[in-house]
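Student: Next comes the sequence, and after it the predicted model I'd like to discuss.
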Amino acid sequence: MTPLDMAIARELKRRLSTTVELLDFKVFGSRARGSGDDYSDLDIFLEVESLDREKREKIEDIVWEVGFENHLVISPLIFTRYEIEETALRSSPIVQSIAEEGIRI
C-alpha cells in the first residue's frame, strides 16, 4: 500500500469516526496489495455496530467527499457486527479474504 493510499484511508477513518462507531476499518484489494494502478479504486471494509438508512447515507457522503478531494474512487463494503458474527456472511469468500489480507487502519 502506498503512503498516499494510507494517508487517504486514515483521513477517511478519521472523518467517519465522527459520524459512526467503527468496529473495524480495513483496506483490501489491489491497492492494499500494492498491485493497483492510478485507475484502481480504494476498497474499504467497514464494520459498524448498527446501520440504518441515515447512517449508510452519511457514510456514503463522507466516502464520496474524501474520494472526490483525492481524485479517487473509494468503494466501501459496510457490514454490521451482527452480520459478520451471526450470519452466513462470516463464511463468505470476500469476508474471509478481507480478514486474512486486509490492512487494518
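Tutor: Here it is on my side, so go on.
Student: Any regions of the protein where pLDDT drops low?
Tutor: Nowhere does the chain drop to pLDDT under 70.
Student: how about the strands in it?
Tutor: 22-28, 42-48, 74-80, 103-104 (DSSP state E).
Student: Which among the ones you listed is found nearest to Ile94?
Tutor: Closest approach to Ile94 among the strands of the chain (Cβ to Cβ): strand 74-80, 7.4 Å. In short, each C-beta sits where N, CA and C put it, glycine included.
Student: What would the closest one look like as PDB? C-alpha coordinates only.
Tutor: Extracted as PDB, the C-alpha positions of strand 74-80 are listed here (Å, rounded to 0.1, in the frame of the first residue of the first chain):
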ATOM      1  CA  ILE A  74     -13.500   4.700  -2.900                       C
ATOM      2  CA  SER A  75     -15.600   1.600  -2.700                       C
ATOM      3  CA  PRO A  76     -17.000   0.900   0.800                       C
ATOM      4  CA  LEU A  77     -18.200  -2.500   1.900                       C
ATOM      5  CA  ILE A  78     -20.300  -2.000   5.000                       C
ATOM      6  CA  PHE A  79     -21.500  -4.700   7.400                       C
ATOM      7  CA  THR A  80     -22.800  -4.700  11.000                       C
END
